[in-house]
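>>> Predicted coordinates and the sequence they were generated for:
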Amino acid sequence: MKKIYSILFLPLLFSANNGIAQGGVIILEGNYQGKNLYVQNPFGSGGVGFCVTEVLVNGNITTDETNSSAFEVDFKPHKLAIGDKVEIKIKHKEDCKPKVLNPEVLKPKSTFEVISMTVDKDGTLKWSTKSETGKLAYAVEQFRWNKWVKVGEVDGDGTPKTNNYTYKVEPHSGKNQLRVRQTDYSGQPRLSKPVEFTSGVPDITFAPVKVSKEINFVTGDKPVETMYEIYDQYGNVVKRGFGSKVDASNLAKGGYFLNYDNKMGEFIKK
């Protein structure tokens, strides 16, 4: 996923006292989240004058008072809406370096509110949101095998207006549960409430239990596709996918756990 936030240190030439002096620039990019930036501003190495020489927001010079040991980059005069893209350039002298104290305020935060969420029997999930303030992907999750499993991803619009999304999930037999999740820089997930539906997918079984070459998923005697996971005896995932059969020829001999459809089973590789 593309990073929305970055800090770059680049060389910069600027004129001062009719001469050319080396300097630097800190560039921050992100989305406006309604909070201001705070900058720690040391003296230059000669002890005369502060380090920062100029601050620009989206190319416009700010009127913030930078002649102090710490100052605030105020976004209000720039008339930004929540979620708007923003680029800050902090130009400074070469022999010193200012420090941005709270760069995380430009990182996207999960703030979505679900207006509605529905799902058809074929697994088409539709949801509408409001109050998004940054572009974050929605992970689509399905409850199977006694856990929530990520089955897809949809990019979030990241704007406060009403946003509509659709994702087609492969249903398993019986009752299905779906939800969406976003995780921002804090690492804490924001979850929707789950929605339920009962699919028309018939009951699925697998064979054989003692495997030499491949595992087949069937309904009666007809092949049927399903999502599956294979774990070894140590709990490591050795195969994962979707299909009507699994090539087991390259598995080492021994016992394995098999998750498929909405069931859990075991088999032995001969």
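Ah, there it is.

>>> ok, Gly156 - contacts?
Listed by Cβ atoms under 8 Å, 6 or more residues apart in numbering, the contact set of Gly156 reads 112, 129, 132, 134-138, 163, 182. Placement of C-beta: from N, CA and C, glycine included.

>>> and if we set it to 6 Å?
Applying Cβ atoms under 6 Å, 6 or more residues apart in numbering to Gly156 gives the contacts 132, 135-136, 138.

>>> low-scoring pLDDT stretches of the stretch 1-150 of the chain, where are they?
1-22 (pLDDT under 70).

>>> about what we covered before: tell me which entries of the contacts of Gly156 lie within strands.
If you go by DSSP state E, the contacts of Gly156 have Tyr138 in strands.

>>> Could you export the contacts of Gly156 to TSV, including columns for distance to Ser173 and neighbour count?
Supplementary listing: the contacts of Gly156 in TSV, determined by distance: Cβ to Cβ, whole Å; neighbours: other Cβ atoms under 10 Å:
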residue	distance to Ser173	neighbour count
Glu132	35	25
Lys135	36	17
Leu136	32	25
Tyr138	26	25
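
>>> Identify the farthest-apart pair in the contacts of Gly156.
For the contacts of Gly156, the farthest-apart pair by Cβ to Cβ is Lys135 and Tyr138; their separation is 10.8 Å.

>>> these two touch, right, Asp95 and Ser45?
Yes. Counting by Cβ atoms under 6 Å, Asp95 does reach Ser45; the two are 3.9 Å apart.

>>> and those two? which has more neighbours close in?
Asp95 (14 against 11; other Cβ atoms under 10 Å).

>>> part of a strand, is that one?
No. Using DSSP: H, G, I helix; E, B strand; the rest coil, the assignment for Asp95 is coil, not a strand.

>>> mind pulling up the phi and psi values for it?
phi -90, psi 20 (degrees, to the nearest 10).

>>> Looking at the contacts of Gly156, spot the one nearest Gly254.
Tyr138 (38.6 Å).

>>> does that closest one really touch Arg181, like I thought?
No. Using Cβ under 6 Å, Tyr138 makes no contact with Arg181, being 7.1 Å away.

>>> Which residue is the nearest non-sequential neighbour of Lys263?
Once flanking residues are discounted, Lys263 sits nearest to Ile204: 7.4 Å by Cβ to Cβ, 6 or more residues apart in numbering.

>>> What separation do you get for that neighbour and Pro160?
In this view, Ile204 and Pro160 are 43 Å apart by Cβ to Cβ, to the nearest Å.

>>> Thanks a lot, see you next time.
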